[in-house]
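**Student:** Quick one, structure for this:
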Amino acid sequence: MEDIFLGIDLGTSAMKMVLVDGTKHILAQITEEYQAAQPKQGWNEIDPENWYACMKNGIKKILENCDRSCVRAIGVTGQMHTLVVLGEDGRPVRPAMMWNDIRTKDLIAELRKRVETFSEGKYLARTISTGSPAANLYWLKKYEPHNFEKIRKFLIGPDYLVYRLTGQFGTDYCEASTSCLYEIKKKQWSEQMRELIGLSREAYPPVRGSVLAAGRLSREIAELFSLREDTEVLVGTGDNPATAISTGCLGRGYPVISLGTSGVFMTPVCQPRDNAKGKVILFSFDDVNYSYLVQGAVQSNGSTLEWWVKNIMEVEDFSVVDQLVCPDTAWKSSVLFYPHLVGDKTLYADPNIRGGFFGLSTETTRSELLYSVIEGLCFSFRELAEKMELPLEKFGSVKVVGGGARSRSWMQTMANVLNIRIEQMDGMTGPAYGIALLAAYHCGSVASLEQISEGVMKVNQVFEPVPAAAEACEKKYEKYLRIHKGLRYIMDGANI
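**Tutor:** Numbering: from 1, shown residues only. The predicted structure follows:
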């Protein structure tokens, strides 16, 4: 019997599952969709039981045509930061508060001021933002004290599915270190943050290595899916580290851009730099060896392009991007676009900043506007790289994955703006696949972290910067950098 492994990715709007064998071959993959609720403007929440229902449906479907006795291990990954709070009975006290929920925006300045004197307070003050578990717990204490008092345990989104599969509470170093409740250098929950939030120590989940077993399937779950009771479930990790593993970013040490709903620039580092932008992810397989991954985000990335193509252009087919934009000449346009439509977390930690077009004229074409949206997103990634202090020239290229990587126009524009070779990657690189490979590693089918991406990641196409285009983009980028101050002055009257 050949061992098989299941990877589950709890996404923002859908759950993706991948079934692989010990040779990393994909046996099946499915998607189960769901929708978050928006009871008020800026709120994004969902009943965790909706996730559980989707997980049950998905597991039944993906295992339909396989020998279930061969399933050795299950890995769970998904959206980072999303907060689930459980009561005495182990059930959710209220809907989960999602990573893109911005209800806490008016509390962030207050929180930063209060935590900056804490141990590691400078880092915490710099990285705490809307959607952070720390900010959301603080909001619950302030505005829903009746629910806050019921909390007996909090978990991050994917941890809840691990709990439902095994009955065990826990999280990994990635989810803990990005919660703004954790001291990364000391590798422990912050006692000062705990006192500020007001939860008991027992409410905090234990932190363990991502590839360790959280537990075995509960008898109820094993019987429900006709799986062996000795099937192990990994502690798991966040979606960005899972992607970093499948792309080789974490194992082989090179920068990767992931173009999804939000855009993520990530790279492994030996030691985080105190003044560099970006959120530090502490990662460990085994509670013994530790590494760091630094990530910066463009909060509205694929969602910005989707807004323009679907809502404004009223086109459903994204292939229109490469049909309308000719990157060989489009760079000559003088129109600029600022892409932060729903605020920014990494560069300016400003939830109120918004986007805009600049340099429009009566001669501006639809194609120019579409190109400027893509170029603006690329400018935001360049700004990320600079403020994260990423030495891109050291690597000579940047690998790009995700849905947006399929666009040739986007990739060529990225090469021109970053002025570096862009490698459009082919193959399965998503979080579900990454966590399935970790499950295979856990069971010994993959020998090492370095080997996880071996044979998986292939360069589909290389895009070199065009000198004339790169020079033009350099000049436009200088103007682009001045937009944030101008917008702040226009929108807030802030003379900065």
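**Student:** Tell me the bridge partners for Val18.
**Tutor:** Gly7, Gln29 (DSSP bridges).
**Student:** how many other residues sit next to it?
**Tutor:** 26 (other Cβ atoms under 10 Å). No exception for glycine: its C-beta is placed from N, CA and C like everyone else's.
**Student:** That one and Ile26 touch, don't they?
**Tutor:** Yes: counting by Cβ atoms under 8 Å, Val18 touches Ile26, with 6.1 Å between them.
**Student:** can you give me the strands in the stretch 101-250 of the chain?
**Tutor:** 153-156, 171-172, 182-183, 188-189, 207-208, 213-216, 232-234 (DSSP state E, counting those that start in this stretch).
**Student:** Now do the strands in the stretch 351-496 of the chain.
**Tutor:** Counting by DSSP E, counting those that start in this stretch, the strands of the stretch 351-496 of the chain are 356-358, 397-401, 421-426, 458-463.
**Student:** domain parsing for the chain?
**Tutor:** For the chain, the structural domains run 4-237, 248-496, going by automatic domain parsing.
**Student:** Could you report the pLDDT at Pro467?
**Tutor:** The per-residue pLDDT reported for Pro467 equals 96.
**Student:** next one: Trp331
**Tutor:** At Trp331, the model reports a pLDDT of 94.
**Student:** got a list of what the residue nearest to it when sequence neighbours are not counted touches?
**Tutor:** Using Cβ to Cβ, 6 or more residues apart in numbering and skipping residues adjacent in sequence, the residue nearest Trp331 is Ala469, 4.1 Å away. Counting by Cβ atoms under 8 Å, 6 or more residues apart in numbering, Ala469 touches Pro327, Trp331, Asn416.
**Student:** Counting neighbours, which bits of stretch 306-324 end up buried?
**Tutor:** By neighbour count with 16 or more other Cβ atoms under 10 Å, stretch 306-324 contains the buried residues Trp307, Trp308, Val309, Val315, Phe318, Val321, Asp322, Leu324.
**Student:** no wait, stretch 279-294
**Tutor:** Lys279, Val280, Ile281, Leu282, Phe283, Ser284, Phe285, Ser291, Tyr292, Leu293, Val294.
**Student:** now the residues you listed in JSON lines, with distance to Gly251 and secondary structure?
**Tutor:** As requested, the buried residues of stretch 279-294 are arranged in JSON lines below (distance: Cβ to Cβ, whole Å; DSSP: H, G, I helix; E, B strand; the rest coil):
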{"residue": "Lys279", "distance to Gly251": "20", "secondary structure": "strand"}
{"residue": "Val280", "distance to Gly251": "18", "secondary structure": "strand"}
{"residue": "Ile281", "distance to Gly251": "15", "secondary structure": "strand"}
{"residue": "Leu282", "distance to Gly251": "16", "secondary structure": "strand"}
{"residue": "Phe283", "distance to Gly251": "11", "secondary structure": "strand"}
{"residue": "Ser284", "distance to Gly251": "14", "secondary structure": "strand"}
{"residue": "Phe285", "distance to Gly251": "11", "secondary structure": "coil"}
{"residue": "Ser291", "distance to Gly251": "10", "secondary structure": "strand"}
{"residue": "Tyr292", "distance to Gly251": "14", "secondary structure": "strand"}
{"residue": "Leu293", "distance to Gly251": "11", "secondary structure": "strand"}
{"residue": "Val294", "distance to Gly251": "16", "secondary structure": "strand"}
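**Student:** For Lys185, which residues are in contact?
**Tutor:** Glu120.
**Student:** Give me the phi and psi angles of it.
**Tutor:** With angles defined as degrees, to the nearest 10, Lys185 sits at phi -70, psi -40.
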